[in-house]
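Novice: requesting a structural model of the entry that follows:
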Amino acid sequence: MIAETALDLPRIESRMLRWMTMAAALGVVAILVSGHWLIALAFGIGAGLGGLNFHWLWLTGKVLMRTDTGRVPLKTLIMVVGRYPLALAGMALLYWSGWVPIVPVIAGLLVPSIGVLVESIVLIGADLRHKQAA
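Specialist: Presented below is the predicted three-dimensional model:
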């Protein structure tokens, strides 16, 4: 089953990105329904940044898995090294500007973990069904 999952990684990534998008949209709509448009905007910004961070991390993993030499491409190195300083600078800018509340931005950054959790549950369920059928 692990070998089948390894071959299915592009579909898994696609589903995880869909789960993240649905979680972000559901969160933004729920906050908007409660009447807090600025908090919904902040949550959406955090969810977008979290999704971008996940995508960069996924691309880095794909590049590293394909590398057959000991050298890492410069673009990959910049993505790995630059992720956290860039995120920290963005969070500091949002915090000091006071443009949006910072706590919903941080909550939005956690949206990728929801996508990973849901996809993990889906994969575990598929494996359990596969074992029951065998």
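
Novice: average pLDDT for stretch 95-103, rounded please.
Specialist: For stretch 95-103, mean pLDDT rounds to 91.

Novice: pull the number of nearby residues for Met20.
Specialist: When neighbours are defined as other Cβ atoms under 10 Å, Met20 has 24 of them. Bear in mind the C-beta positions are built from the backbone N, C-alpha and C, glycine included.

Novice: and the pLDDT for it?
Specialist: pLDDT at Met20 comes out at 94.

Novice: that one: which element?
Specialist: helix 9-33 (DSSP states H and E).

Novice: next helix or strand past that helix?
Specialist: Counting by DSSP H and E, what follows helix 9-33 is helix 37-66.

Novice: could you give the separation of that following helix from the chain centroid?
Specialist: Distance of helix 37-66 from the chain centroid (Cα atoms, centre = their mean, to the nearest Å) equals 5 Å.

Novice: report the angle between it and helix 9-33.
Specialist: Going by axes from the mean of the first three to the mean of the last three Cα atoms, to 10 degrees, helix 37-66 is angled at 170 degrees with respect to helix 9-33.

Novice: flag every buried residue along helix 37-66.
Specialist: By 16 or more other Cβ atoms under 10 Å, the buried positions in helix 37-66 come out as 39-51, 53-56, 58, 60, 63.

Novice: so which elements touch the next helix or strand after that helix?
Specialist: Scanning forward in sequence from helix 37-66 by DSSP H and E, the next helix or strand is helix 74-97. Applying 3 or more Cβ pairs under 8 Å, 6 or more residues apart in numbering; DSSP states H and E, one finds that helix 74-97 contacts helix 37-66, helix 102-109.
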